[in-house]
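> One predicted model, sequence on top.
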Amino acid sequence: MSQADLFIVFIALVGGAIRVSTPFMFVALGECLTEKSGRINLGLEGNLVLGAMVAYAGSYTTGSPWLGVLMAGCSGLVLGAMHGYICKLPKVNDIAVGIAFMSFGIGLAFFFGKPYIQPTAPRLEAIPLGGWSSDPLVAQALQVNPLFFLGIALALFLRWAFANTRWGLILRMTGDSAASARAMGVSVDLVRLLATAAGGFLAGVGGAFLSLFYPGSWNEGLSSGQGLMAVALVIFARWDPIRCVLAALLFGAAGALGPSLQSIGVSQGYYFFNAAPYILTLFIMIASARSKSAAREAPGELSIVK
Amino acid sequence: MTAVLASSSIERGGLSPRAIRMIEAVIIPLGALVASAALFSVFLLFLGKSPVTFFNLIWTGGFGSAFSIQNTLQRAAPLILTGLAFAIPARIGLTLIGAEGALVLGGFSAAAIAIPLVRGGWTPWIGLPIMAIAAMLVGAFWIGLVGWLRHYRGVNETISSLLLSYIAIAIMNFFVEGALRDPASANKPSTMPIGDAYRIGPMPGTSVHWGLAAGVVLAVILWLLMSRTTFGFAARMTGGNVRAAQAQGLPVGFLVVACCAIAGACAGLAGFFEVAAIHGQANASLVAGYGFTGILVAFLARQNPLAVVPVAILFGALAAAGGLVQRRMAMPDATVLVLQGMIFVVLLVSETFYGRIPFLQPKRAGDRS
């Protein structure tokens, strides 16, 4: 592999990381928010797929992709609120409800999405940050979607809000000890309902990115487990929004590995490179599962770390 | 466990707690089915379709004729096996959603090992069992790995099993597109066909393949294993309280890995039948979602291996009738997915009613009523 090839792979990897990481980022931030409240939502994969379909349909019918993004978020909000409401019933297991909502969300998306597979909807515009470079590859890799920056801004905001606001404190208290939250007069169920609904909204927006920017069309094979990998990613990022963004970038780079290598003609083992994000997630989970510092930072009420 | 509960709750007349639990385990899932059918009817009315026509078509397409019954049973066969693959680890307290991967990898292994067997001219009487064993071993290893990671490394089994599913599909794609590709399969990369001699025929007098019989037999064996043996008792005890099981000196690690390996073997066997009885080769058709429907089957069967059989037949009927609904009512094939998702959600909501149905509560000694 020559120097030039290496450069091409590197640029493709950077561009790919920025593109592929955005849905991860949104789902991970949503999941982070939900898990901070002490509940886990495994169903964000369903929100992601339904969000992708709704965004595409919304953009197609209204002609405005940003309206599509908003509608996708709202569809995610509805699914998240339903999840949050059902989980507050006694004897209901939040992990199982997540699996159910994953299949329900995907089912709804496939059902209503059939008429939108063919037509082309207006897509989100990218910000051309690579204008300074004469290299078309660099310029193409730095076509960054505004949602990417929105995600980073959101992560910064969440980090600040968790630490410095009244709402953030209530959320963390609910997640660490439901009993003390109750003693303070906080409605644990309401906090978790709102956190799950807000998390669902973010996952829906992540889905909008899939159908309206990259890959940029609606079809039934659009998502391949990003919603679930994001759950693992939150554990890896130890419930910190900034680390969620960094982990999302890492996952994005892993996901971009196969296509980048293909761009210089290395197509052997394409399927193995495509599996790179899953293998990476698995190894990260193995490495971080018994970590003491991870256990210290985990919300105390979370069923998945108990 | 049952005996302890029965003696501790003091009752006067009425039903025994055991009978109450059995009644609950039947009427609550049935109620959930009825409720989700009602909910789905509302959904259909909202879309301007007739629920009566829909459920009529489901009945016709699933059980209406000898042909449709056989179609239903054919589709139920893998669902029994994948349902068992979820139910057995669930008894030990694990939520595994990776049966899809074990099915795909098992089917692929069976097709791969068949290549030298067919080429070497081995008789199917030896070759088919080798294929089945290979599929079960690979499946057992794949899901056993999830159990091992869970117990010895503390890795969450739900997420790791799903990740391994994606990895399994990638492994099959890698070989099917590369080293083991049949040059004749142009549009749909596949392994070499196993040939007619290696095809498993239908059971006598039917058009249903032997996977159904294997599923039913396994369901009975696993029911006996889980409810009538020391192994099953130890596994259920571990599922109830891991620390208590450890304190009793039960080999928890072995139990966890063994239950996972059994689950993987079931799913792998489903993959073997998909290859040997349906497709004749391994390709992307193996990724048909049986692993995921199996989760729903096991939930509706309340993780009871015997109950998995009728529930799998029910969902086999839904799948069998899907095409008919699609043609007659001009509805997309995802209709069945929506219905399944609804059933799943309603079913989990119904979990909240256990022990809370007023007229089924045992009368305690202190009660005056």
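That came through fine.

> mind listing what residue 294 touches?
Chain wasn't specified; assuming chain A. A:235, A:238, A:288 (CB atoms under 8 Å, 6 or more residues apart in numbering or on different chains). Using the backbone N, CA and C atoms, a C-beta is placed for each residue, glycine as well.

> Not quite, go with chain B.
B:78-79, B:81-86, B:99, B:267.

> and the contacts of A:Ala294 near chain B, which?
When contact is defined as CB under 8 Å from any CB of the partner chain, the contacts of A:Ala294 meet chain B at A:Ile235.

> returning to that earlier point: show me the two of the contacts of B:Gly294 that sit farthest apart.
B:Pro78 and B:Phe86 (12.7 Å; CB to CB).

> how about the residues of the stretch 101-250 of chain A near chain B?
A:101, A:103-108, A:110-111, A:113-114, A:224-225, A:228-229, A:231-232, A:235.

> Buried ones among those residues?
Buried members of those, counted by 16 or more other CB atoms under 10 Å in any protein chain shown: A:101, A:103-108, A:110-111, A:113, A:225, A:228-229, A:231-232, A:235.

> Out of those residues, list just those in helices.
A:101, A:103-108, A:110-111, A:113, A:228-229, A:231-232, A:235 (DSSP state H).

> any idea how far B:Ala186 is from chain A?
According to CB to the nearest CB, to the nearest Å, B:Ala186 and chain A sit 18 Å apart.

> Wasn't that residue part of a helix?
No: B:Ala186 is assigned coil when assessed by DSSP: H, G, I helix; E, B strand; the rest coil, not a helix.

> where does it land on pLDDT?
Reading off the confidence values, B:Ala186 has pLDDT 75.

> Tell me how many other residues crowd it.
Other residues near B:Ala186 number 8, with proximity taken as other CB atoms under 10 Å in any protein chain shown.

> likewise B:Ile23?
By the criterion of other CB under 10 Å, B:Ile23 has 13 neighbours.

> my guess is it meets B:Ser16, correct?
No: contact criterion CB atoms under 8 Å: B:Ile23 and B:Ser16 do not qualify, at 10.5 Å.

> Find the centremost residue of chain B, please.
B:Gly83 (1.5 Å; CA atoms, centre = their mean).

> Can you check my assumption that that residue lies in a helix?
Yes: assessed with three-state DSSP, B:Gly83 lies in a helix.

> show me what contacts it?
Counting by CB under 8 Å, 6+ apart, B:Gly83 has contacts B:294, B:297-298, B:301, B:308, B:311-312.

> how about a cut-off of 6 Å?
By CB atoms under 6 Å, 6 or more residues apart in numbering or on different chains, the residues touching B:Gly83 are B:294, B:297-298, B:308, B:312.

> Number of residues surrounding B:Leu224?
13.

> distance of it from B:Gly144?
Distance, B:Leu224 to B:Gly144, using CB to CB, to the nearest Å: 21 Å.

> B:His279 now?
Taking CB to CB, one finds B:His279 at 26 Å from B:Gly144.

> between these two, who's got more neighbours?
When B:His279 and B:Gly144 are compared for neighbours, B:Gly144 comes out ahead with 22 against 18, by other CB under 10 Å.

> From what I see, A:Glu31 and A:Val234 are in contact.
Yes: in this structure, A:Glu31 is within contact of A:Val234 by CB atoms under 6 Å, at 4.7 Å.

> which residues of chain A fall in strands?
A:127-128, A:143-144 (DSSP state E).

> burial of the nearest residue to B:Thr335 once chain neighbours are set aside, as a residue count?
The shortest distance from B:Thr335 to any non-neighbouring residue, by CB to CB, 6 or more residues apart in numbering or on different chains, is to B:Val325 (5.8 Å). Look at B:Val325: counted by other CB under 10 Å, it has 24 neighbours.

> surely B:Val325 meets B:Leu57?
Yes: between B:Val325 and B:Leu57 there is a contact at 5.1 Å, judged by CB under 6 Å.

> Tell me which of the strands of chain A sits nearest to B:Ala213.
Minimum separation from B:Ala213 across the strands of chain A (CB to CB) falls at strand A:143-144, 57.4 Å.

> And B:Ala319, how close does it get to A:Pro277?
For B:Ala319, the distance to A:Pro277 - CB to CB - is 31 Å.

> Have a look at the two and say which one is more surrounded.
A side-by-side neighbour count of B:Ala319 and A:Pro277, using other CB under 10 Å, places A:Pro277 first with 27 against 22.

> what's the pLDDT at the more buried one?
With respect to pLDDT, A:Pro277 scores 85.

> Nearest residue to the residue of the stretch 151-300 of chain B found nearest chain A in space, ignoring adjacent ones along the chain?
Nearest residue of the stretch 151-300 of chain B to chain A: B:Ala170, at 3.5 Å (CB to the nearest CB). In this structure, B:Ala170 finds its nearest non-sequential neighbour in A:Ala275, 3.5 Å apart by CB to CB, 6+ apart.

> where along the stretch 51-200 of chain A do the helices fall?
Listed in chain order, the helices found in the stretch 51-200 of chain A under DSSP state H, counting those that start in this stretch are A:65-87, A:94-113, A:136-141, A:146-164, A:166-176, A:178-183, A:188-212.

> Where among those is average confidence lowest?
Among those, helix A:136-141 scores lowest, with a mean of 77.

> And that helix, what does it pack against?
Counting contacts by 3 or more CB pairs under 6 Å, 6 or more residues apart in numbering or on different chains; DSSP states H and E, helix A:136-141 is packed against helix A:3-36.

> What's the mean pLDDT across the helix it packs on?
The average pLDDT for helix A:3-36 rounds to 90.

> What of stretch A:291-304?
So the average pLDDT for stretch A:291-304 ends up being 76.

> about what we covered before: pull out the buried members of the contacts of B:Gly83.
The buried subset of the contacts of B:Gly83 (16+ other CB under 10 Å) comprises B:294, B:297-298, B:308, B:312.
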